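S.K.: build me a model from this:
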Amino acid sequence: METAMLSPDRILNPMPLAAAAADYDVVRRAIGHIRGHWREQPEIETIADAAGVTPTELHHLFRRWAGLSPKAFLQALTLDGARRLLRDSASVLDATYEVGLSGPGRLHDLFVTHEAMSPGEWKSGGEGLTIRFGFHPSPFGSALIMATERGLAGVAFADSGEEPAALADMKSRWPRAAYLEDSARTAAIAKRIFDPSQWQSQQPLRVVLIGTDFEVRVWEALLQIPMGRLATYSSVAGRICAPTAARAVGAAVGKNPLAFVVPCHRVVGKAGDLTGYHWGITRKRAMLGWEAGKVNAAA
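M.R.: Now for the predicted structure:
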């Protein structure tokens, strides 16, 4: 049992996550404007007006939230920026896969250790499992955290008012499991996931992958994509020795039950375009920008 991981006694001050969640409400509006007008490279005054804050407030908010200025964030999310990240990833991924590491940026990774449930456990729809869950603030909106005694099993996201739909979506993946709301327990896990100061190699976050054999292979491949890098569906297919299965890989990516932790947001189209995301393309852009800020700050 992951008693220590689930213990509410390990919770540190949750306020930084609450502040980041409040920031995200403004950031989401700013990203929405950037998404629709990135070709115009809008000035900060225009973005701030769309977000409902002053340019100064927007500048400080972005710096606090991601470590990036709004202009740098915009540049990181343009198509050309995505293509540059993708080009850089080619040689990086080749090297990291060869040595079996999650990436050269492991200082920025979640230090995840994982196991997969047996095919029988997956086919049973989670029968016999008790899944504890709770909603918590995160840099990307309200985060639904779901855990079993064996480790973290689900992470999902919702904007205000969408929490019931997010919970129903996740419950449908394991319809025969027993669900117990226990925010006091899951708060400690949320802190481990979203507070970079808690990303420690000596205390890896244990996750449980619940899916088909093919889906688990895809999710394991996603764990190999370094923070601050991107991969395509076809490159992921090649890594799992199924080079013609890019479409099936896309379906498995879309079913990833561990958003952010298993970084499906780092997978893009062949040309580097930011394709759809189960929890919203705006949130995907936010995650990539937030990660770019963390990597830049560390560098």
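S.K.: alpha carbons only for contacts and neighbour counts from here, please
M.R.: OK.
S.K.: report how many residues lie close to residue 222.
M.R.: Neighbour count of residue 222, defined by other Cα atoms under 10 Å: 24.
S.K.: now it: how far from residue 130?
M.R.: 26 Å (Cα to Cα, to the nearest Å).
S.K.: how about residue 208?
M.R.: Look at residue 208 and residue 130: by Cα to Cα, they are 13 Å apart.
S.K.: who's more crowded, these two?
M.R.: Between residue 208 and residue 130, counted using other Cα under 10 Å, residue 208 has the larger neighbour count: 21 against 16.
S.K.: for the more buried one, give the beta-bridge partners.
M.R.: Beta-bridge pairing for residue 208 (DSSP bridges): residue 115.
S.K.: what number of residues are in the vicinity of residue 179?
M.R.: Residue 179 has 17 nearby residues by other Cα under 10 Å.
S.K.: can you pull the contacts of it?
M.R.: 130-133 (Cα atoms under 8 Å, 6 or more residues apart in numbering).
S.K.: ok so it is a strand residue?
M.R.: Yes: assigned with DSSP: H, G, I helix; E, B strand; the rest coil, residue 179 falls within a strand.
S.K.: just give the closest residue to it, not the sequence neighbours.
M.R.: Spatial nearest neighbour of residue 179, excluding adjacent residues (Cα to Cα, 6 or more residues apart in numbering): residue 131 at 4.9 Å.
S.K.: the one you found contacts residue 148, correct?
M.R.: Yes: contact criterion Cα atoms under 8 Å: residue 131 and residue 148 qualify, at 4.9 Å.
S.K.: how about the helices in the stretch 101-250 of the chain?
M.R.: 119-123, 163-171, 183-194, 213-222, 233-239, 246-254 (DSSP state H, counting those that start in this stretch).
S.K.: tell me which of those helices sits most buried.
M.R.: For these, the largest average neighbour count (mean count of other Cα atoms under 10 Å) is found in helix 183-194, namely a mean of 22.
S.K.: distance-wise, check residue 22 relative to residue 61.
M.R.: 10 Å.
S.K.: mind checking which of the two has more residues around it?
M.R.: Per other Cα under 10 Å, whichever of residue 22 and residue 61 has more neighbours is residue 61, with 22 against 19.
S.K.: for the more buried one, helix, strand, or coil?
M.R.: helix.
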